[in-house]
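J.: Got a predicted structure here, sequence first:
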Amino acid sequence: MKIPTRNELAVMLVWAFRDEKVESAINPHADALTLYCNVMALPVAEAAAVVSHARAGDVSPADPVALARWTRGLMLLREMLAQPMCTLSIAEPETMAQASVAA
């Protein structure tokens, strides 16, 4: 799996927490749920910063402490998502088989 950059991951987190509302959705998108579960496995301070800023769509916190927690949270999350058991379909290129099914 291609490991998302910090910017790509930030966009995915905003999508999952703000747009998809993964925390309260009855049947959340599988990728949003994967992100949610991995964020909840982060240390408490980093998880809180990631969730708070992803909900708000604020991916560049102005407060230096919040920025440090956000950045550390993203780096830890990237490492977690790089594990073989964790896949995000939105981070992989669409294959020809998927394109023909979608059409």
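T.: Sure, I can see it.
J.: tell me the phi and psi of the spatially most central residue of the chain?
T.: Residue closest to the average C-alpha location in the chain (Cα atoms, centre = their mean): residue 13, at 3.6 Å. Backbone torsions of residue 13, given as degrees, to the nearest 10, read phi -70, psi -40.
J.: isn't it right up against residue 52?
T.: No: using Cβ atoms under 8 Å, residue 13 makes no contact with residue 52, being 10.8 Å away. The way it works is simple: take the backbone N, C-alpha and C, and place the C-beta from them, glycine included.
J.: most residues in a single helix of the protein, which one?
T.: helix 64-81 (DSSP state H).
J.: Counting by contacts, list what that helix packs against.
T.: In terms of contacts (3 or more Cβ pairs under 8 Å, 6 or more residues apart in numbering; DSSP states H and E), helix 64-81 is packed against helix 6-14, helix 30-40, helix 44-56.
J.: Can I get those helices in a markdown table including mean pLDDT and distance to residue 67?
T.: Formatted as a markdown table, these follow (pLDDT from 0 to 100; distance: least, Cβ to Cβ, whole Å):
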| stretch | mean pLDDT | distance to residue 67 |
| --- | --- | --- |
| helix 6-14 | 91 | 12 |
| helix 30-40 | 91 | 17 |
| helix 44-56 | 93 | 9 |
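J.: Contact partners for residue 73?
T.: The neighbours of residue 73, taking Cβ atoms under 8 Å, 6 or more residues apart in numbering as the test, are 39, 42, 46, 47, 49, 50.
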